[in-house]
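> Structure, please.
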Amino acid sequence: MAKEQEMLDDLMALEGAAFDREFARKMVLSHQEAVSLFERASGPDGVVDDDLREWASGKLPTLRAHLEDAQELDAQINP
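Predicted coordinates for the structure are as follows:
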């Protein structure tokens, strides 16, 4: 997908600390998007299929934990 390719191209152009800073920033953004997507999917106006909505809801705690980890890393690298 174009958006993901652009993110990859951005990272491939960087080295060292600049790469680390941008990677950490992009991980926060990516995890925020994932949490948002799963929140919408599991909400009352989310996916129609009950089993899929329940599955999405069950994944949210892990996604939120990964987002917190990414935010902590970003805060360390990009104070």
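> Now stretch 7-19: buried residues?
If you call a residue buried by 16 or more other C-beta atoms under 10 Å, then stretch 7-19 has these buried ones: Met7. To be clear about C-beta, it is placed using only N, CA and C from the backbone, and glycine gets the same treatment.
> how long is that stretch from one end to the other?
Start-to-end span of stretch 7-19 (C-alpha to C-alpha, to the nearest Å) is 12 Å.
> Show me what that stretch is in contact with.
Applying C-beta atoms under 8 Å, 6 or more residues apart in numbering, the contact partners of stretch 7-19 are Glu22, Phe23, Lys26, Ser30.
> what's the closest non-adjacent residue to the second one?
Beyond its immediate neighbours in the sequence, the residue positioned closest to Phe23 (C-beta to C-beta, 6 or more residues apart in numbering) is Leu11, lying 6.1 Å away.
> Figure out the helix or strand that that neighbour lives in.
Leu11 is part of helix 2-12 when elements are defined by DSSP states H and E.
> Specify the local secondary structure of the residue positioned nearest the centre of the chain.
Centroid check for the chain by C-alpha atoms, centre = their mean gives His31 as the closest residue, at 1.4 Å. Recorded secondary structure, His31: helix (DSSP: H, G, I helix; E, B strand; the rest coil).
> Would you agree it is in contact with Leu67?
Yes. If you go by C-beta atoms under 8 Å, His31 and Leu67 touch, sitting 3.9 Å apart.
> just the helices in this protein please.
Taking DSSP state H as the test, the helices found in the chain are 2-12, 16-42, 50-77.
> Where among those helices is average confidence lowest?
For the helices of the chain, mean pLDDT drops lowest on helix 2-12, to a mean of 91.
> can you give me the angle that helix makes with helix 16-42?
160 degrees (axes from the mean of the first three to the mean of the last three C-alpha atoms, to 10 degrees).
> quick revisit: kindly reformat the contacts of stretch 7-19 as a markdown table containing neighbour count.
Shown next, in a markdown table, are those (neighbours: other C-beta atoms under 10 Å):
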| residue | neighbour count |
| --- | --- |
| Glu22 | 17 |
| Phe23 | 17 |
| Lys26 | 16 |
| Ser30 | 15 |
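> Fine, thanks again, bye for now.
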